[in-house]
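Asks: No sequence on hand, only this structure:
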């Protein structure tokens, strides 16, 4: 009515859904399957979507639940996924520019526990508010914030392990006066 | 050195990095950071990690499959249809409530002064059925609105406890829709007939028990014949003449006993 875009712009959410699915599955093929399954599930549950509700949050939460369900239903497949993630570089290719650095960042992110990855992704990558992200994951805001905090701490410690970086941080730390 | 960081401040710093703070609080944090270079460095490094992560994850070229795009478009259509269905539900809910009021009025009619007013005013309940009928004509014209083929009165009875009348010869059911309402599910049927064109048969639960013989009225450019048997009220709507509809409604009634 008020917007020239389709009333329910699902196609416009595909980018967000694919990104989140990749962060969860760490695999391009599984991610695409997960997005597809999400859309099918959403279609089946379309009567539950309230007009005027948050379409993106609704779809992301269906995707998240779908991922949890499929993981639960096949633990062996989850192990296979973990094995795949080790050589994820062959599956997922970031852009050439800064690619070494970005690959490190991405690998560090993929090495996080799944629940921390999900929380950090929704807030840092998709830009959801803490409230929206907590609702999407079905957890309290406090839990969400502590997962994000732990994820950041892990990423920082991985960063600090790298030679050269640690020394750099010390200088900025103001201890060398 | 991390011991010095107050836990609350740490959460604030994360919220700062995640862009979750209002302008006032953000300025306070920035002022705090300007006096705490160690934590400022941490925040800057978190911001860097966040931006790099965004770049690393969003920059990946994705070759989405056509099946996914199809599924997305199907969902879009489904949600639009859902919204339309929601509007119809509202129409039906109004019809049921108003119908209840009208039937209650009709029931109490003999006790009230309105009995003196000789002509029965056209019931609002029927005009709502007419409205639903018009909406269904719009719906019939839309390609994306798939119609349900196959009319199974036994299944409707099993699902809604509403007995649908046996249809007349050469009446073809185009679509059957169920609506939730205050007193249980209601049914709307789209019918094509040879002599009366497109018809809607509306069966609702008005929430009371009564027997009303078929009666036809003219509502705008449509006609409606209505009757009630027990706790289900029926309305037959089309553009045919009221007399024709009343005849058809009388034939429907006989199949319900």
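Replies: That came through fine. Quantities reported herein were computed from a predicted structural model and do not represent experimental measurements. Numbering: from 1, shown residues only, chains lettered A, B, ... in the order given.

Asks: residue ranges of the strands in the stretch 151-257 of chain B, please?
Replies: B:171-179, B:186-193, B:197-204, B:210-219, B:222-230, B:232-238 (DSSP state E, counting those that start in this stretch).

Asks: So which of these is the most surrounded?
Replies: Among the strands of the stretch 151-257 of chain B, ranked by average contacts under mean count of other C-beta atoms under 10 Å in any protein chain shown, first place goes to strand B:232-238 (a mean of 26). For every residue, glycine as well, the C-beta is placed using N, CA and C.

Asks: before we move on, back to that, save the strands of the stretch 151-257 of chain B as JSON lines, and put in mean pLDDT and distance to chain A too.
Replies: Below are these laid out as JSON lines (pLDDT from 0 to 100; distance: least, C-beta to the nearest C-beta, whole Å):
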{"stretch": "strand B:171-179", "mean pLDDT": "79", "distance to chain A": "12"}
{"stretch": "strand B:186-193", "mean pLDDT": "83", "distance to chain A": "17"}
{"stretch": "strand B:197-204", "mean pLDDT": "85", "distance to chain A": "20"}
{"stretch": "strand B:210-219", "mean pLDDT": "81", "distance to chain A": "28"}
{"stretch": "strand B:222-230", "mean pLDDT": "83", "distance to chain A": "27"}
{"stretch": "strand B:232-238", "mean pLDDT": "86", "distance to chain A": "25"}
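
Asks: Can you show me the helices along chain A?
Replies: A:14-25, A:28-44, A:55-73, A:75-86, A:99-110, A:114-120, A:130-137, A:141-161, A:165-172 (DSSP state H).

Asks: will you turn these into a markdown table that also has distance to residue B:27 and mean pLDDT?
Replies: Converted to a markdown table, these look like this (distance: least, C-beta to C-beta, whole Å; pLDDT from 0 to 100):
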| stretch | distance to residue B:27 | mean pLDDT |
| --- | --- | --- |
| helix A:14-25 | 30 | 89 |
| helix A:28-44 | 39 | 89 |
| helix A:55-73 | 29 | 86 |
| helix A:75-86 | 41 | 57 |
| helix A:99-110 | 29 | 85 |
| helix A:114-120 | 25 | 93 |
| helix A:130-137 | 20 | 90 |
| helix A:141-161 | 21 | 88 |
| helix A:165-172 | 22 | 43 |
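
Asks: and residue B:57, which of the ones you listed is closest to it?
Replies: helix A:14-25 (5.7 Å; C-beta to C-beta).

Asks: do the closest one and chain B meet at all?
Replies: Yes - using C-beta under 8 Å from any C-beta of the partner chain, helix A:14-25 reaches chain B at A:14, A:15, A:18, A:19, A:22, A:23.

Asks: among these, who's most crowded?
Replies: residue A:22 (26 neighbours; other C-beta atoms under 10 Å in any protein chain shown).

Asks: Wait, it touches residue A:33, no?
Replies: No - using C-beta atoms under 8 Å, residue A:22 is not in contact with residue A:33, being 11.6 Å away.

Asks: I'd like to know how far residue B:134 sits from residue B:198.
Replies: 11 Å (C-beta to C-beta, to the nearest Å).

Asks: ugh, wrong one, I meant residue A:17
Replies: 41 Å.

Asks: So for residue 95, what's the pLDDT?
Replies: Because you didn't say which chain, this covers chain A. Per-residue confidence (pLDDT) for residue A:95: 52.

Asks: actually chain B
Replies: 68.

Asks: what's the answer for residue A:10, then?
Replies: On the pLDDT scale, residue A:10 gets 87.

Asks: residue contacts, it?
Replies: Applying C-beta atoms under 8 Å, 6 or more residues apart in numbering or on different chains to residue A:10 gives the contacts A:39, A:42, A:55, A:59, B:72, B:73, B:75, B:76, B:79.

Asks: again with residue B:165
Replies: Counted by C-beta under 8 Å, 6+ apart, residue B:165 has contacts B:201, B:234, B:252, B:253, B:255, B:256.

Asks: Residue B:65 now?
Replies: Counting by C-beta under 8 Å, 6+ apart, residue B:65 makes contact with A:32, A:36.

Asks: change it to 6 Å
Replies: By C-beta atoms under 6 Å, 6 or more residues apart in numbering or on different chains, the residues touching residue B:65 are residue A:32.

Asks: Also residue A:40?
Replies: residue B:71.

Asks: now do residue B:72
Replies: Residue B:72 touches A:10, A:11, A:14, A:39, counting by C-beta under 6 Å, 6+ apart.

Asks: quick one: which of the helices of chain A is nearest residue B:138?
Replies: Nearest of the helices of chain A (C-beta to C-beta): helix A:28-44, 23.0 Å.
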